[in-house]
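[1] generate a structure from the sequence data that follows.
(4 chains)
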Number of protein chains: 2
Amino acid sequence: MAGKRDSYHHGDLRAALIAAGEEVLADTGVEGFSLRQVARKVGVSHSAPAHHFGDAGGLLRAMAADGFRRFLAAMRRRQAEAGDDPREMFLGSGLGYVEFAEGAPALFRLMFGSDRIKDVPDAAFEEAAQAAFQHLVDDVARLRGISPYEDETAMADVMAAWSMVHGFADLLLAGRMKAVQAMAGPARERFFRQVLLRVMT
Amino acid sequence: MAGKRDSYHHGDLRAALIAAGEEVLADTGVEGFSLRQVARKVGVSHSAPAHHFGDAGGLLRAMAADGFRRFLAAMRRRQAEAGDDPREMFLGSGLGYVEFAEGAPALFRLMFGSDRIKDVPDAAFEEAAQAAFQHLVDDVARLRGISPYEDETAMADVMAAWSMVHGFADLLLAGRMKAVQAMAGPARERFFRQVLLRVMT
DNA sequence: AAGATTATCTTGACAGCGTCCAGATAGCAA
DNA sequence: TTGCTATCTGGACGCTGTCAAGATAATCTT
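    Numbers count the residues shown, from 1 in each chain, chains lettered A, B, ... in the order given. Below you'll find the predicted structure:
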């Protein structure tokens, strides 16, 4: 993956930096992430990224936006396997949510509020994050038979479900749910279903 | 707070570094946190902290441990105001949880799984974190009339409640719950109670 | 086709960072 | 008083992000 190239121009440096960046992120975590390390990995000078992303935050925001797209894809994938019962579809999304978080913990943490991307508006990021949120809204709408945008209780369902799934995932990554981590795959999934369902009565 | 001193030795540098560190953390966030900045704030050489904490991670772990103690205190305080109904006491803890997170977002994030303190065992940190968890276990025990350590469903209650509160707080900090953030204080509290109670049917 | 313009990438510089190391200073024990 | 040890300083190192100036290639204009 250490891309040496023959021509002066790279070809698709932007995409290569995002890909390499996610590898570096997975290796070192958000806080150890370094722009120069990414540049080295792609085989490009240390200040080449600046032209595409401005500064380090720019690259991280692009990575986070990309992360949200794959996050949504992970939820859809699990949901597709769940059949067409609204409740099972909802649970499928939740399982995809947690699965993604465990598969790419540093990226997940980056997406949800790292200081390095905060407070700088980014259209692509916001759009991708919004799309993921919308997926959850759709789940609840299907389950309740009414749009959360038109029904306050349904919107409370959305917030409750989101909080539950997100908290579960985040505590898992923090290593604070040792009892759950000790469970084997299937038992853990069963446990998670049971927990998540509480939110939907 | 920029402590100039008269003697060569500081007196209580360790505590001063922790206090100054939390200010720096609040100002710059976990990822912008710098050891030298803390040293400057206390009026001490850039490598003085090393003697007390080893490296930057050492100081951050000590700060996180201190954070967990204040976190627990915040939950207790809110609980004490809630009277003696088990349900109200439980809600009080939850409100304290969120209140602490909003009052010290960077510290909260540090406590729950920053890369800069992870994977290095620390007795003081682990003990303080465990004490906070125990508080939650006690809440559920009081509510269910049985110890979660002896009853699987009660332990599932603990995990569900914890996930819910933690997710709510973390999403709030991430700025992802705009609808909730827009609510005025009392309305928000009412909403949160309603959400948290779902977990305890 | 040739020249000019623009996008892309390199190189070198700078200050700030964490950590290591040798030395200075002060409190304390004998 | 004489050591001894804990505490703190100052300088060095390699790493970092960002900026500015220059080199190279692709594209546009005519």
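[2] only C-alpha atoms for contact and neighbour calcs from this point on.
    Fine.
[3] who in chain A is up against DNA strand D?
    A:7-9, A:33-37, A:46-47, A:50, A:54-57 (Cα under 7 Å from any atom of the strand).
[4] show me these that map onto helices.
    Among the residues of chain A next to DNA strand D, the members falling in helices (DSSP state H) are A:35-37, A:50, A:56-57.
[5] adding neighbour count and pLDDT, write the residues you listed out as CSV.
    CSV is the format used below for those (neighbours: other Cα atoms under 10 Å in any protein chain shown; pLDDT from 0 to 100):
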residue, neighbour count, pLDDT
A:Leu35, 21, 98
A:Arg36, 16, 98
A:Gln37, 14, 98
A:Ala50, 13, 97
A:Ala56, 16, 97
A:Gly57, 16, 97
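[6] just name the closest of these to A:Arg176, please.
    A:Gly57 (28.9 Å; Cα to Cα).
[7] out of the ones in helices among the residues of chain A next to DNA strand D, what pair is the most spread apart?
    A:Gln37 and A:Gly57 (14.7 Å).
[8] A:Leu107 and A:Val24 touch, don't they?
    No. Applying Cα atoms under 8 Å, one finds A:Leu107 not in contact with A:Val24, separated by 10.3 Å.
[9] quick one: which of those two has more around it?
    A:Leu107 (26 against 20; other Cα atoms under 10 Å in any protein chain shown).
[10] quick check: the closest residue to chain B within chain A vs B:His166, distance?
    Among the residues of chain A, A:Gly167 lies closest to chain B, at 3.5 Å counting by Cα to the nearest Cα. Look at A:Gly167 and B:His166: by Cα to Cα, to the nearest Å, they are 5 Å apart.
[11] could you check how many residues crowd around the nearest residue to the residue of chain A closest to chain B once chain neighbours are set aside?
    The shortest distance from A:Gly167 to any non-neighbouring residue, by Cα to Cα, 6 or more residues apart in numbering or on different chains, is to B:Gly167 (3.5 Å). The number of residues packed near B:Gly167 is 26, by other Cα under 10 Å.
[12] just A:Gly21 next, same as before
    With other Cα under 10 Å as criterion, A:Gly21 counts 24.
[13] leaving aside the residues next to it on the chain, what's closest to it?
    A:Gly21 sits nearest to A:Val38 (Cα to Cα, 6+ apart), 5.6 Å away.
[14] I'd say the one you found and A:Asp27 touch.
    No. The pair A:Val38 / A:Asp27 is not scored as a contact, 11.3 Å apart, by Cα under 8 Å.
[15] neighbour count winner among those two?
    Comparing A:Val38 with A:Asp27 by other Cα under 10 Å, the one with more neighbours is A:Val38, at 24 against 12.
[16] contacting residues around the more buried one?
    By Cα atoms under 8 Å, 6 or more residues apart in numbering or on different chains, the residues touching A:Val38 are A:17, A:20-21, A:24.
[17] what would those look like in a markdown table with secondary structure and pLDDT?
    Formatted as a markdown table, these follow (DSSP: H, G, I helix; E, B strand; the rest coil; pLDDT from 0 to 100):
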| residue | secondary structure | pLDDT |
| --- | --- | --- |
| A:Leu17 | helix | 98 |
| A:Ala20 | helix | 98 |
| A:Gly21 | helix | 98 |
| A:Val24 | helix | 98 |
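[18] distance to A:Val180 added to the residues you listed, as a markdown table?
    A markdown table is the format used below for the contacts of A:Val38 (distance: Cα to Cα, whole Å):
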| residue | distance to A:Val180 |
| --- | --- |
| A:Leu17 | 36 |
| A:Ala20 | 32 |
| A:Gly21 | 31 |
| A:Val24 | 28 |
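[19] those strands in chain A, which residues are they?
    In chain A, no segments count as strands under DSSP state E.
[20] show me the shaky parts of it.
    A:1-6, A:8 (pLDDT under 70).
[21] count of neighbours near the closest residue in space to A:Glu31 that isn't next to it in sequence?
    The shortest distance from A:Glu31 to any non-neighbouring residue, by Cα to Cα, 6+ apart, is to B:Glu31 (5.8 Å). By other Cα under 10 Å, 18 other residues sit near B:Glu31.
[22] please list the residues of chain A that sit near chain B.
    Applying Cα under 8 Å from any Cα of the partner chain, we find that chain A lies next to chain B at A:29-31, A:112-116, A:156-157, A:159-160, A:162-168, A:170-171, A:173-175, A:177, A:191, A:195-196, A:198-199, A:201.
[23] appreciated, that's everything.
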